[in-house]
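K.L.:
Turn this into a structure:
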Amino acid sequence: MTTLSRRHDFVLIFDVTNGNPNGDPDAGNLPRLDPETNHGLVSDVSLKRKIRNYVELAYDGEEGHHIYVQEGAILNEEHRQAYLALRGDEKSKKDAKLNPRDDAEARALRDFMCRNFFDVRTFGAVMSTGINCGQVRGPVQMTFANSVEPVLPVEISITRMAATNEAEQKKRADGDDGDLRTDNRTMGRKHIVPYGLYVAHGFVSAKFAERTGFSDADLELSFEALKSMFEHDRAAARGEMTTRKLIVFRHGNALGNAPAHKLFDLIQIGRNVDGEVRALDDRGLGNLPPARKFADYSVSIDRGGLPEGVEILELL
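P.N.:
The predicted structure is shown next:
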């Protein structure tokens, strides 16, 4: 496979309807918020998890597409496989700690992990935990996603009619006082965002791709995952999440032809108001009803301001 030779920057635009895009465990699983602006947040870790899940579903453990960070995995045992492949000795099967013998073996261990694990050669990994395979800085990095407008999380009460165990069932049948039957349903809470449009930025370094073996095919797979990851991540808690736009800026060389922030500024998101597009910083927006669908927004690209040597790919 050909190693990636050109830098890429991209903008991912997605939305959520009646769901929790990324709950905060330190806040009762409320949707994550910027406390100063009330703009919604989705962590980069959450987005990378969805990419990993898509690749795992699409390739199902095929060679070169194993996933390093997955639920229940023992990372040191993944490292051990690299030592067994290189050394093939019985000692490596039992040692609780292993370290490379020299710089050449350290490079070979890192290369083994990059070659076999898609997420290692894509996002990088710290693999120096006991059984030491070093550290890898991945070529693909993403920011937190921010909602383009403030969001107002809503708490919804829910109930469960089924009993957990026989004692609870008997309590419902007999009633608390032993005379009256009670409908002792289990109560719960769900936190949702009625609607939110989120934007995340991503960066793909061709220079770091040289070090991990990240290829053009890997890049295409990453973009495929970004377009389709929500289609295979359905859950009652997350409501409806959809990738709406994936806009890629492809540079003409490995180091790039323009700063990423200038490219991102070429994308403008406004509100559709009676057929007219208004900027989100317009003071009159405070009097508008809240957005409840993607059609309430307009996404445009200032192609006239595109720097020389950069091309735009609208993948969605």
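K.L.:
So in terms of bridging, what pairs with A145?
P.N.:
V42 (DSSP bridges).
K.L.:
for it, what are its contacts?
P.N.:
Listed by Cβ atoms under 8 Å, 6 or more residues apart in numbering, the contact partners of A145 are L12, F14, L41, V42, L47, Y198, V199, A200. Glycine gets a C-beta too; all of them are placed from N, C-alpha and C.
K.L.:
try 6 Å this time
P.N.:
Contacts for A145 (Cβ atoms under 6 Å, 6 or more residues apart in numbering) come out as V42, Y198, A200.
K.L.:
which of those lies closest to V299?
P.N.:
Nearest to V299 out of the contacts of A145 is Y198 (Cβ to Cβ; 12.6 Å).
K.L.:
contacts for the helix or strand hosting that closest one?
P.N.:
Y198 is part of strand 186-204 when elements are defined by DSSP states H and E. Strand 186-204 has contacts (Cβ under 6 Å, 6+ apart) with 8-20, 30-31, 40, 42, 139-143, 145, 147-148, 151, 153-156, 158-160, 264, 291-292, 297.
K.L.:
ranking the contacts of A145 by neighbours, who comes first?
P.N.:
Y198 (25 neighbours; other Cβ atoms under 10 Å).
K.L.:
Can you list phi and psi of the closest residue to L98 other than its chain neighbours for me?
P.N.:
Excluding its sequence neighbours, the residue lying closest to L98 (Cβ to Cβ, 6 or more residues apart in numbering) is I131, at 4.6 Å. With angles defined as degrees, to the nearest 10, I131 sits at phi -90, psi 110.
K.L.:
Report the separation between I131 and P35.
P.N.:
40 Å (Cβ to Cβ, to the nearest Å).
K.L.:
the more surrounded of these two?
P.N.:
For I131 versus P35, the count of surrounding residues by other Cβ under 10 Å is larger for I131: 22 against 6.
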